[in-house]
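S.K.: Return atomic coordinates for the entry below.
(2 chains)
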Amino acid sequence: MKSIVLSGVVAALLVFSGCSSKDPVVDAETQEVEAPAAQEVKAVETETVSSESSVISSGTDSLTMSDIEKQLTSVYFDFDKFNIRADMQEKVTTSAAVANAAASAYSVKLEGNCDEWGSDEYNFALGLKRANAVKKALVAEGVDAARVAMVSYGESNPVCSDKTKDCWAQNRRVDFKLLP
Amino acid sequence: MKLFLSLLMLFSLSFAEDSTIEVIKRVDSLPSIAVEDSSISYDDTFKMRFFKSIVADLNVISIFNVDRHYRETHFNDTNVIVNNKDMNYVLRYKMFEDDNGALNIGIKLLEENKLVLSKNYKVGRKNIYMFISHAIAYDINEFMGEASVAWMKRKVIFSRIIAPKKSEIVIADYTLTYQHTIVKGGFNVFPKWANRAQKSFYYTALDAKIPTLKHVDIKTAKVTNVISSDGMMICSDVSDDGKTLLLTMAKDGQPDVYSYKTNTKKYTRETKYNGIDVNAQFMSKDKMVFISNRLGYPNVFAKRLGSSEVEQMIYYGKSNSACSAHGEYIVYKARESSNAFSANTFNLHLISTKTDFIRRLTATGVNEFPRFSKDGDAIIFIKNYMAQSSIGIIRLKHNKNYLFPLKYGRVQSMDW
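M.R.: This is a model prediction of the structure:
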C-alpha cells in the first residue's frame, strides 16, 4: 500500500512540475535560425498585357483562342478576402465584354488562387470563393452562367515564388482560361 | 488521511492520462540502450544506413536513452561489448542475404547480458530495409509493454508539388526514407487512404474540366472516377469501416461538407452556411468536426451527421483553419500573426473538450495539416520552414517532435 501511495504522490509531483512551465520544449533545434527579413522589392507591374487596340488592329477574325485569352486579365484580391476590389471592377467589365464577344464561342474556366499561407482545404475554399465572386460579377454583366466553370488551385499555382508582399499579392488572383 | 491520499492518487492518475498536459524532463529516468551490429553480408555503407535507421526508430519510440555509437560484435557472444556493459539494454542484430537475395535480419534484445527477446525478419529486397527497422522498434516497444506505436508500421501517402499545377502522389514510410511515386504527371492533390488496410486510396484530380475524386486500387492499379463537383472536390476523411466519406464539394461555387455512402453512391449535404465549410473529420462514427468561417473567421465547429445543430469547439485564436479529432481531443492549426506583409507563423494546438486545457505543440514556421494516428498516440503534420518542407510527428505522451525533411518539392497534403 505504502508504495502505491508513494507512487501516487510522485506521479502528482511529476504532473505539477509539468504544469509549472508555460512554454513546451518543442522544435528547439529549429529555433536558433532567424527568419529572413522580408525584402523590400519595388512593386511589380502586373498589368503587362498588350492593350486592346493593338490586339483588335491585328484583325478579330483570325484571333486564336490563346489570343483572346490574353485579353482576359487576372483579377487580384486582398489578403484573406474574396470580394472584388473597386480597382478590379473595370477589369471584370472588360473581361465580360470579351467573353460575350470575341470569346462567345468558348466556355470560360475561372481558376482561383491563393498566396502561400496554408495548403489546407480552407485556402482552397478561399480560392474558390474568389473564382465564384468573379463568376457572379461576369453573370451580372450578362455572361451566361452555364458557360462558366470554376476550379480552385489553392496555393499550388503561384506565378511568383519570392518571399515578398508584392509576390504574395500577385498570387492572390483569379485567372481566366478558355475551353473549347 | 487515507481518504485524502487515495483522492490525491486518483487525481494524479486521472491527470497523468491527459494528453494536454506536458511531460517535461523525463530523459534522466529512461533506461539506456545500445545497438550492436553482427552482420555478415552487405557493405559498410548499407550497414551504417541500417544502423542509423534502427537508432532513429528507437529514439522515436521515446522509451530509451539511445546510445549512438556504432559497434560490431559476434551474434552469438554471450557477453555484450565491454563499452556497453553499463547499458540497461543491448539490441544486437545480424543481417544476411540469402540465396534468393532477400534481406534477413535476426535480433536479440539483452537485458544485463540476459536474452529477453529474439526475433527474425525477412524482406524480398534490401532497399525496403526501413520497414524491418520500424518493425523491430515496434516489437521492442510492445515487449516493453508501452502504448502501441502501430502507426510506425503504417504507410504515409502524400502529394508533392513539384511545379505550379504539377504534382505527384507518393507512398512512403513514416520517415520518408522509402518513397514510391504512385501517381505521376498532372495535377493531383489531397490523397486519402480508402481503408485501414491501406490497399486503396482516393485523390482529387484537378486536370479535368471539373475537379474529380478518383479511387485507386494499389494492387490492380485500377483507377475509378467516384464523384465530381464544380470548383472543389476533396475527400476530407474516411470512416473506420471505409463506408462513409466526408467530402468538401462546391455545388454552385458554395464550399460545403457532404457525407457520401460508398455502397449506395448517395450523398447528403451536411452544412448549409453560405460562407466556407470545409475540412470535415470524424470524431466518432456519427459526429464530425469541421472548419467554418460562420463567425467571420475560420474556426473549428462540430455537428452530428444528419442533424442541423452546430457547436463551436474552440474559443481561442482568430484564425483556426485546419483540424483533426480523436475522441475528446482536437488538434487545430492557429495563425499566430494576421499580417499580409510579413512572414506568418502557424502553430498546432491540442485541446481537450473535457478539460478545456490547451497545449501548444509547435513553436516555429508554418505547421499545418495535423492528423491524428488511428490510435491517437501521435499526430502527423506538415511543416514548412525556411523553404524546407517536412513531415513531422508529435508523440503526445512523450512531448517529443520529430521532423523528416523532403528532399525536393513541397508537401501539399497527406494521410497515414
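
S.K.: Helices of chain A, start to end?
M.R.: A:2-20, A:28-31, A:52-57, A:65-71, A:89-100, A:121-140, A:165-171 (DSSP state H).

S.K.: Among those, show the one with the smallest mean pLDDT.
M.R.: The minimum mean pLDDT among those belongs to helix A:28-31 (a mean of 34).

S.K.: OK, contacts around the closest residue to chain A within the stretch 101-250 of chain B?
M.R.: Here the residue of the stretch 101-250 of chain B nearest chain A is B:G231; by C-beta to the nearest C-beta that distance is 4.3 Å. Quick note: C-beta positions are derived from backbone N, CA and C, even for glycine. Counting by C-beta atoms under 8 Å, 6 or more residues apart in numbering or on different chains, B:G231 makes contact with A:112, A:128, A:131-132, A:150-152, B:211, B:250, B:253, B:255.

S.K.: mind running it again at 7 Å?
M.R.: B:G231 makes contacts with A:128, A:131, A:150-152, B:211, B:250, B:253, as judged by C-beta atoms under 7 Å, 6 or more residues apart in numbering or on different chains.

S.K.: same check, this time on B:W151
M.R.: The neighbourhood of B:W151, defined by C-beta under 7 Å, 6+ apart, consists of B:174, B:373, B:375, B:377-378, B:416.

S.K.: So it: helix, strand or coil?
M.R.: Reduced to three states with DSSP: H, G, I helix; E, B strand; the rest coil, the structure at B:W151 is helix.

S.K.: For A:T94, see how far away it is.
M.R.: For B:W151, the distance to A:T94 (C-beta to C-beta, to the nearest Å) stands at 53 Å.

S.K.: What of B:G145?
M.R.: 71 Å.

S.K.: cool, B:D207 as well?
M.R.: Taking C-beta to C-beta as the measure, B:D207 falls 29 Å from A:T94.

S.K.: So for the two, which residue has more residues nearby?
M.R.: A:T94 (15 against 12; other C-beta atoms under 10 Å in any protein chain shown).

S.K.: dump the residue contacts of the residue nearest to the residue of the stretch 101-250 of chain B closest to chain A when sequence neighbours are not counted.
M.R.: Closest residue in space to B:G231, ignoring its immediate chain neighbours: B:A250 at 3.6 Å, by C-beta to C-beta, 6 or more residues apart in numbering or on different chains. With contact taken as C-beta under 7 Å, 6+ apart, B:A250 is in contact with A:128, B:229-232.

S.K.: Just give me the closest of the residues you listed to B:K266.
M.R.: Of all the contacts of B:A250, B:S229 has the smallest distance to B:K266: 14.7 Å, by C-beta to C-beta.

S.K.: Am I right that that closest one is in contact with B:P211?
M.R.: Yes. B:S229 is within contact range of B:P211, at 6.3 Å (criterion: C-beta atoms under 7 Å).

S.K.: These two - which one has more neighbours?
M.R.: Neighbours per residue (other C-beta under 10 Å) separate B:S229 from B:P211, with B:P211 holding more: 29 against 23.

S.K.: What residues does that one make contact with?
M.R.: Neighbouring residues of B:P211 by C-beta under 7 Å, 6+ apart: A:151, B:204, B:228-229, B:231-233.

S.K.: If you count neighbours, what's buried in the helix or strand where B:I33 lies?
M.R.: B:I33 is located in strand B:32-37, with elements delineated by DSSP states H and E. For strand B:32-37, the neighbour count (16 or more other C-beta atoms under 10 Å in any protein chain shown) marks B:33-37 as buried.

S.K.: swap in stretch B:44-61?
M.R.: Those would be B:46-47, B:49-51, B:53-61, for stretch B:44-61 by 16+ other C-beta under 10 Å.

S.K.: Stretch B:290-298 now?
M.R.: Of all the residues in stretch B:290-298, those buried under the rule 16+ other C-beta under 10 Å are B:290-294, B:298.

S.K.: Residues contacting it, please?
M.R.: Outside stretch B:290-298, the residues touching it (C-beta under 7 Å, 6+ apart) are A:122, B:257, B:271, B:273, B:275-280, B:299-301, B:318-323.

S.K.: Restricting to C-alpha, output it in CSV.
M.R.: Presented in CSV, the C-alpha positions along stretch B:290-298 are these (Å, rounded to 0.1, in the frame of the first residue of the first chain):
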residue,chain,number,x,y,z
PHE,B,290,-15.1,20.9,-39.5
ILE,B,291,-13.8,24.3,-40.3
SER,B,292,-16.2,27.1,-41.0
ASN,B,293,-16.0,30.9,-41.3
ARG,B,294,-19.5,31.4,-40.0
LEU,B,295,-18.2,33.8,-37.3
GLY,B,296,-16.3,35.9,-39.8
TYR,B,297,-13.0,34.0,-39.4
PRO,B,298,-12.1,30.3,-39.8
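
S.K.: tell me the mean pLDDT over that stretch?
M.R.: 92.

S.K.: just stretch B:44-64 next, same as before
M.R.: Mean per-residue pLDDT for stretch B:44-64: 94.

S.K.: any bit of it sitting next to chain A?
M.R.: No. Stretch B:44-64 is not in contact with chain A by C-beta under 7 Å from any C-beta of the partner chain; minimum separation 13.3 Å.

S.K.: wait, what's in contact with B:S159?
M.R.: B:167, B:169, B:188-191, B:412-413.

S.K.: List of residues touching the helix or strand harbouring B:Q281?
M.R.: Per DSSP H and E, B:Q281 falls inside strand B:277-284. Defining contact as C-beta under 7 Å, 6+ apart, one finds that strand B:277-284 is touched by A:120-122, A:125, B:236-237, B:239, B:246, B:248, B:255-257, B:271, B:288-292, B:302, B:322-325.

S.K.: For stretch B:358-371, measure first residue to last.
M.R.: Distance across stretch B:358-371, first residue to last, is 17 Å (C-alpha to C-alpha, to the nearest Å).

S.K.: next one: stretch B:368-388
M.R.: Length of stretch B:368-388, first residue to last, C-alpha to C-alpha: 14 Å.

S.K.: buried stuff in that stretch?
M.R.: Under the neighbour-count criterion of 16+ other C-beta under 10 Å, stretch B:368-388 has B:368-373, B:376-385 buried.
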